[in-house]
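Engineer: turn this into a model:
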Amino acid sequence: MENVDPSAVRICFFDSGIGGLNLLSKCAFKYGFCDYAYVADNYNVPYGGLPHEKIFALADEKFSFIEKLDPTAAVIACNTVTAECVDRLREKYDFPIIGIQPAVKPAAATGAECLVLATPATARSEKLAALVKEYGRGRARVAACPDLAAYIENNIFSLDENRVAAMLPEAECGAVVLGCTHYIFVSEVILRRYNCPVFDGTDGTVDRIAKIAGIFDHQSDRRGEVAFYGGNCLKNMQIYNFLTSRKGG
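Structural biologist: Alright, predicted model coming up:
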């Protein structure tokens with residue numbers, strides 16, 4: 001869009017921990033002329049085992065901070081918060097709020113039996129049930145992984161493949177859908193475990209962010225800034241820098 005002023009675009013990402021860094025790094029690599037803010041809550045992660053009201057209270061606290069950053073758009077880079085709270089957050093705040101959803105639709109479109117891996121809160125949510133019903137074509141089932149997100153968060157620099165594999169359910173499937181952004185960090189382990197394609201929702205979410213922020217067709221030589229707030233900022237920054245270095249960004 002020709003009339004976009006890149007310096008006026010600030011996209012804020014929220015996640016309970018490190019999972020959303022995968023989405024942030026993809027968006028910043030593709031649309032590096034925007035400014036970004038990553039707001040995390042590493043010290044309360046994981047959200048997936050918490051009751052609804054606690055999840056909303058934690059997310060609402062961070063969104064009240066995001067509101068002060070005057071975002072062009074805010075992204076819930078957490079499947080659990082999207083499933084549990086996106087509607088309530090949209091009702092409360094005036095800026096656009098974009099959620100991330102498991103990639104059930106493209107996985108089911110392959111015609112394979114799909115296994116959706118998720119945190120307990122996401123697995124039991126009405127939003128995921130509706131998504132599976134609408135797009136799963138009767139070939140998708142959901143399995144909760146109670147300890148996986150916490151293990152990834154707490155051991156990101158020393159992940160053990162055998163321990164990760166032990167936290168995955170026994171299943172025969174032709175496609176796996178990652179219902180938690182933390183799981184992207186162990187997607188290769190999941191690929192080897194089930195020996196089938198692995199889907200996540202990040203690419204589609206990046207495109208949606210760009211459209212809502214009005215930057216989808218924009219190009220600029222400007223290099224935006226990425227700021228980190230909340231939680232363990234040093235850890236989040238280190239992981240982000242690693243992810244962007246792999247992309248050549």
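Engineer: got the contact list for the spatially closest residue to H182 that is not a sequence neighbour?
Structural biologist: For H182, ignoring the flanking residues on the chain, the nearest one in space by CB to CB, 6 or more residues apart in numbering is G19 at 3.8 Å. (Each C-beta comes from the backbone N, C-alpha and C, glycine too.) Applying CB atoms under 8 Å, 6 or more residues apart in numbering, we find G19 in contact with A77, C78, A149, I152, E153, C180, T181, H182, Y183, I184, F185.
Engineer: now with 10 Å?
Structural biologist: G19 makes contacts with 40, 45-46, 77-80, 100, 149, 152-153, 178, 180-185, as judged by CB atoms under 10 Å, 6 or more residues apart in numbering.
Engineer: now, which of the residues you listed lie within strands?
Structural biologist: Members of these lying in strands (criterion: DSSP state E): A40, L178.
Engineer: can you go through the contacts of G19 and name the buried ones?
Structural biologist: 40, 45-46, 77-80, 100, 149, 152-153, 178, 180-185 (16 or more other CB atoms under 10 Å).
Engineer: keep only those of these that are in helices.
Structural biologist: N79, T80, A149, I152, E153 (DSSP state H).
Engineer: was I right to think the third one contacts L50?
Structural biologist: No. With contact defined as CB atoms under 10 Å, A149 does not count as touching L50 (11.6 Å).
Engineer: what's the overlap in contacts for these two?
Structural biologist: Joint contacts of A149 and L50 (CB under 10 Å, 6+ apart) are S16, T80, T119, P120.
Engineer: not counting its neighbours along the chain, what's nearest R222?
Structural biologist: F33 is the one closest to R222 (CB to CB, 6+ apart), at 4.2 Å.
Engineer: per-residue pLDDT of that neighbour, please?
Structural biologist: pLDDT for F33: 93.
Engineer: what of E2?
Structural biologist: 49.
Engineer: name the secondary structure element that contains the spatially closest residue to E126 that is not a sequence neighbour.
Structural biologist: Sequence neighbours aside, A83 is the residue nearest to E126 in space, at 7.9 Å (criterion: CB to CB, 6+ apart). For A83, the host element (DSSP states H and E) is helix 79-92.
Engineer: I11 reaches L24, doesn't it?
Structural biologist: Yes. With contacts counted by CB under 10 Å, I11 reaches L24, the gap being 8.7 Å.
Engineer: having no further points to raise, I will conclude here.
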